[in-house]
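Trainee: Have a look at this prediction, sequence included:
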Amino acid sequence: MALQTRVKLAKLDAPKVHGLDHDTLIRIYRTMFLSRRLDDREIQLKRQNKIYFQISSAGHEAVCAAMGLFLRPGVDWVYPYYRDRALCLMLGVTPLETLLAAVGAKDDPSSGGRQMPSHWGQPKLNIVSKSSCTGTQFVQAVGAAEATLYYEGRPKALAQAKKAPLGEHVHHERDEIVYVSGGDGATSEGEFWESLNVACGKKLPLLYLVEDNGYAISVPVEVQTAGGSISKLVRGFPGLHVAECDGTDPIESYSVCKEAVQYCRERRGPALIHAHVTRPYSHSLSDDEKLYKSAEEREEEARRDPISKLALFLVREGILDQKQIEGLEAEIDNEVREAADQALAAEEPSIDSIRVNVYSPDIDPTSAAFAAEPHLHGAPKTMVEMVALTLADEMARDERIAVFGEDVADASREDNLKHVKGKGGVFKATAGLQRKYGNDRVFNTPLAEASIVGRALGMATRGLKPVAEIQFFDYIWPAMMQIRDELCVMRWRSNGAFKAPVVLRVPIGGYLTGGGVYHSQSGESIFTHCPGLRVVMPSTALDVAGLLRTAIRCDDPVMFLEHKHLYRQPYNRSENPGPDFTIPFGKARTVKEGSDLSIITYGAVVHRTEVAAAQLEREGVSVEIIDLRSLSPYDWETIAATVRKTHRVIVAYEDMLSWGYGAEIAARIADELFEELDAPVRRVAAMDTFCAYQPKLEDVILPQTSHIVAAVKQLLEY
């Protein structure tokens, strides 16, 4: 377990001072010792049950303090990880602020008591909110660095971003860089490698600091990393400046950091520093390193302790004597003690605060402000044509919008545009946008879904409005960590300091007569289960125009589900409703009035329900059809009204019957409207299996018109 810091002067062959004056060296030592003392105080408080978690930065202080000399608070963008306490202190985070996070105080500036301590985040310092997820920060930092280059070429976008909600935190300087750090274990995550691929391909001003303490909790580096050295593995990336240093030596670290920062500021490309540090304390107070580290290992780490090494160096160089060091340390002890006393007396968050900042407090996409009348004109357009038209209108209005994903550009090789028609997406939903708005606003990405979402998130935190495409819903799962643990949570976990209003366009669904297992999936309930995320699914071209425009103009992340089967159907076409047509989220559409029974549905099942209702109408049965359109939020008032009207209800949806989206609607109707029902709530949905390639099998698996007709007749007989 962790021990209290005691500076013991040990033998050291101290390097010469390279460009560091005495005041700077003392500042470095002060920051390092302050960081260690804050660790020690948190450990003490945790053992006294006055805080609830502790993870230390011990052993990482030297390289972090050195890096802090080169990063400019409020100018450069910082994606730190939880062992970067010394860096954050150097940038301006105060001891009190770090301890407010430890006690979970209302005034904790990083999260208002919503996150564990050492999960840094301060907009005034451009320190972007950090989650507990390992490695997710790398692709987000790529997006932030892309925003740097974007704003350099598009000052109008910067001006528009400054006028948007939280625009006061949108900053850009011409020589700014983005810093991102992680432990050696985090480099095993796919997002690390995906980020390097993009950063090097686009020559981004992105500085990586890999703080290698030899262990990822209990897994040693030789098991974690092939060959035991991440810097050796990445040297083949073109344009990547790679340097290695003793991260326990602030003077060697200073020289290496200086060169890497300069490389990025000069726009020569990304840089990566591999710093060898130590971890003299356990991974966290939930871990005991004695269970997997030998006594010899721990003794060796103690000999490399950066605090004692620098203290000896200062004495040997005549910068401070032993008495001055002891006086400095006593001063820091008093500072930490006073900060701890203030933190322990700080106000706790109110219980009422838990729902604050789940969604934007500034823009309500469910409000009447988004209820606009269409001004129809022109030839009828299909759903897929309406996607392209709406995106084009919005891109003309808002220069912050960037559209990207796999195959969304007309042609990545610009010269080819003179000779080819252009791709514009596998469904042609983005056709022509690159020609019209340029390569920096419409571009292809590598085939890496986590990277697509993470980059979008990084751009959005910088004030841009990314509209990213996941080519098929079936392939969204590599991005699940970025969606559920990052995109949805950014505003809430930062207590409103940061936001991520990304629009994710996702083609979804079956009925393709040959789509098979991997091009026919549904699963919208998985994402409606994510607080902070809006989920919509239009079934007509007119609704595409209105809901997509609302998605872009609202200030929350939105998953915009586009049913592939509906893209080119003739029955759901619409004329152009105009560039200002919006539809509020959470407002269902009454497709057909009826009196005998209600069917609540959405997506491709809407038309099948219409066909079933027409057949039943000929048999004297009057069916009311409600198209939800918006799945989260959904229109409970319209649902309740139709149940009270007909007293019989079916929820029809394409996803599997069990645990599908319709199950929640059915459960709430039974729970809150039981007395209005003349029969049980019935569900019509897909079988609890996978969607087959053979069309005859698909017809049996997915809900069809005949299934709906049969369910209506059975329910009317109840």
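Mentor: Right, received. Where do you want to start?
Trainee: hang on, isn't Arg608 packed against Pro703?
Mentor: Yes. Counting by C-beta atoms under 8 Å, Arg608 does reach Pro703; the two are 7.0 Å apart. For glycine as for every other residue, the C-beta is placed from the backbone atoms N, C-alpha and C.
Trainee: joint contacts of these two?
Mentor: Residues touching both Arg608 and Pro703 (C-beta atoms under 8 Å, 6 or more residues apart in numbering) are Ala652.
Trainee: Give the burial count for Ile363, as a bare number.
Mentor: Using other C-beta atoms under 10 Å, Ile363 has 17 other residues around it.
Trainee: Oops, could you answer that again for Leu272 instead?
Mentor: Leu272, neighbours per other C-beta under 10 Å, totals 25.
Trainee: How about the secondary structure of it?
Mentor: Using DSSP: H, G, I helix; E, B strand; the rest coil, the structure places Leu272 in strand.
Trainee: what residues are up against it?
Mentor: Leu272 sits in contact with Leu196, Leu207, Tyr208, Leu209, Val210, Ser231, Val234, Leu240, His241, Val242, Ala243, Ala260, where contact means C-beta under 8 Å, 6+ apart.
Trainee: CSV for those, including secondary structure?
Mentor: Below are these laid out as CSV (three-state DSSP):
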residue, secondary structure
Leu196, helix
Leu207, strand
Tyr208, strand
Leu209, strand
Val210, strand
Ser231, helix
Val234, helix
Leu240, coil
His241, strand
Val242, strand
Ala243, strand
Ala260, helix
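Trainee: Closest one of those to Gln434?
Mentor: Using C-beta to C-beta, Leu196 is the member of the contacts of Leu272 that sits closest to Gln434, with 25.4 Å.
Trainee: Would you mind measuring from the spatially closest residue to the closest one that is not a sequence neighbour to Tyr208?
Mentor: The shortest distance from Leu196 to any non-neighbouring residue, by C-beta to C-beta, 6 or more residues apart in numbering, is to Phe237 (5.5 Å). Distance of Phe237 to Tyr208, given as C-beta to C-beta, to the nearest Å: 11 Å.
Trainee: I figured Lys564 was touching Phe427, is that so?
Mentor: Yes. Counting by C-beta under 8 Å, Lys564 touches Phe427, with 6.9 Å between them.
Trainee: Arg36: helix or strand, and which one exactly?
Mentor: helix 22-47 (DSSP states H and E).
Trainee: quick one: that helix to chain centroid distance?
Mentor: Chain-centre distance of helix 22-47: 31 Å, with C-alpha atoms, centre = their mean, to the nearest Å.
Trainee: what mean pLDDT does that helix have?
Mentor: Averaged across helix 22-47, pLDDT comes to 96.
Trainee: tell me what that helix is packed against?
Mentor: Under the contact criterion of 3 or more C-beta pairs under 8 Å, 6 or more residues apart in numbering; DSSP states H and E, helix 22-47 touches helix 61-68, helix 85-91, helix 95-103, helix 250-265, helix 306-316, helix 322-344.
Trainee: one more time with 6 Å, if that's ok
Mentor: Identification of packing neighbours for helix 22-47 by 3 or more C-beta pairs under 6 Å, 6 or more residues apart in numbering; DSSP states H and E yields helix 61-68, helix 85-91, helix 95-103, helix 306-316, helix 322-344.
Trainee: phi, psi of Asp688?
Mentor: Asp688 adopts backbone torsions of phi -80, psi 70, taken as degrees, to the nearest 10.
Trainee: now do Glu406
Mentor: Per-residue torsions, Glu406: phi -80, psi 120 (degrees, to the nearest 10).
Trainee: Name the SS class of the residue nearest to it when sequence neighbours are not counted, please.
Mentor: When the adjacent residues along the chain are set aside, Glu406 lies closest to Gln471, with 4.7 Å between them (C-beta to C-beta, 6+ apart). Classification of Gln471 using three-state DSSP returns coil.
Trainee: hang on, Gln471 packs against Lys423?
Mentor: No. Applying C-beta atoms under 6 Å as the test, Gln471 and Lys423 come out as separate, 11.6 Å apart.
Trainee: Tell me which of these two has more neighbours.
Mentor: Comparing Gln471 with Lys423 by other C-beta under 10 Å, the one with more neighbours is Gln471, at 20 against 17.
Trainee: Can you tell me the number of residues neighbouring the nearest residue to Arg644 once chain neighbours are set aside?
Mentor: Spatial nearest neighbour of Arg644, excluding adjacent residues (C-beta to C-beta, 6+ apart): Glu676 at 5.1 Å. Using other C-beta under 10 Å, Glu676 is surrounded by 15 other residues.
Trainee: again with Pro155
Mentor: Taking other C-beta under 10 Å as the criterion, the count of residues near Pro155 is 11.
Trainee: Give me the pLDDT value at it.
Mentor: pLDDT, Pro155: 96.
Trainee: same deal with Ser284?
Mentor: If you check Ser284, the pLDDT there is 81.
Trainee: number of nearby residues for it?
Mentor: Using other C-beta under 10 Å, Ser284 has 16 neighbouring residues.
Trainee: Next, it: secondary structure please.
Mentor: Relying on three-state DSSP, one would call Ser284 coil.
Trainee: where in the stretch 201-350 of the chain is pLDDT low?
Mentor: Counting by pLDDT under 70, not a single residue of the stretch 201-350 of the chain qualifies.
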